[in-house]
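> missing the sequence, but the structure's below:
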């Protein structure tokens, strides 16, 4: 039986196998049955837009990855089929961004998850929702 800490270690390793997640510096901070928390450090020279704040694509990528891991944490192997995001407050190019993701629906063929992205000082910056197609089960993976 896989313990909670074993699961966090497993998904942290899986995250580091994803080149794009590696490039952005995503780190697993917490994995529970009901919640996944990812974090990334902001690098101004890489993660900002022309206004000098964190690019929306960075937030969207963090949300997508966090929601996908939340789905995988429940044993399903997901792929995104739809996603939306509401940008609430810009994030300055310092510190870290934290994504907190939860699964709202866990069906056999689709899942729905949501994620909230927070600035380093805890301000809600964006909220996303995604629909994921279940392509298999985690335990069936080689």
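Perfect, thanks for sending it. Just so it is clear, the model here is predicted, and its values are computed rather than measured.
> in the biggest strand by length in the chain, what counts as buried?
In the chain, taking DSSP state E as the definition, the longest strand is strand 124-137. Within strand 124-137, the residues scored as buried using 16 or more other Cβ atoms under 10 Å are 125, 126, 127, 128, 129, 130, 131, 132, 134. For every residue, glycine as well, the C-beta is placed using N, CA and C.
> Torsion angles phi and psi at the residue lying closest to residue 43 once chain neighbours are set aside?
Sequence neighbours aside, residue 25 is the residue nearest to residue 43 in space, at 7.6 Å (criterion: Cβ to Cβ, 6 or more residues apart in numbering). When read as degrees, to the nearest 10, the backbone of residue 25 gives phi 80, psi 30.
> Could you count how many residues lie near residue 25?
Residue 25 has 14 neighbours, counted by other Cβ atoms under 10 Å.
> I'd guessed it sits against residue 38; true?
No. The pair residue 25 / residue 38 is not scored as a contact, 10.2 Å apart, by Cβ atoms under 8 Å.
> ok so, going back, dump the buried residues of strand 124-137 into CSV; add distance to residue 86 and pLDDT as well.
Formatted as CSV, the buried residues of strand 124-137 follow (distance: Cβ to Cβ, whole Å; pLDDT from 0 to 100):
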residue, distance to residue 86, pLDDT
125, 10, 97
126, 6, 98
127, 5, 98
128, 8, 98
129, 9, 98
130, 13, 98
131, 16, 98
132, 19, 98
134, 25, 97
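> now, which of these sits nearest residue 60?
The closest of the buried residues of strand 124-137 to residue 60 turns out to be residue 128 (Cβ to Cβ; 6.9 Å).
> how far away is that closest one from residue 38?
Distance of residue 128 to residue 38, given as Cβ to Cβ, to the nearest Å: 12 Å.
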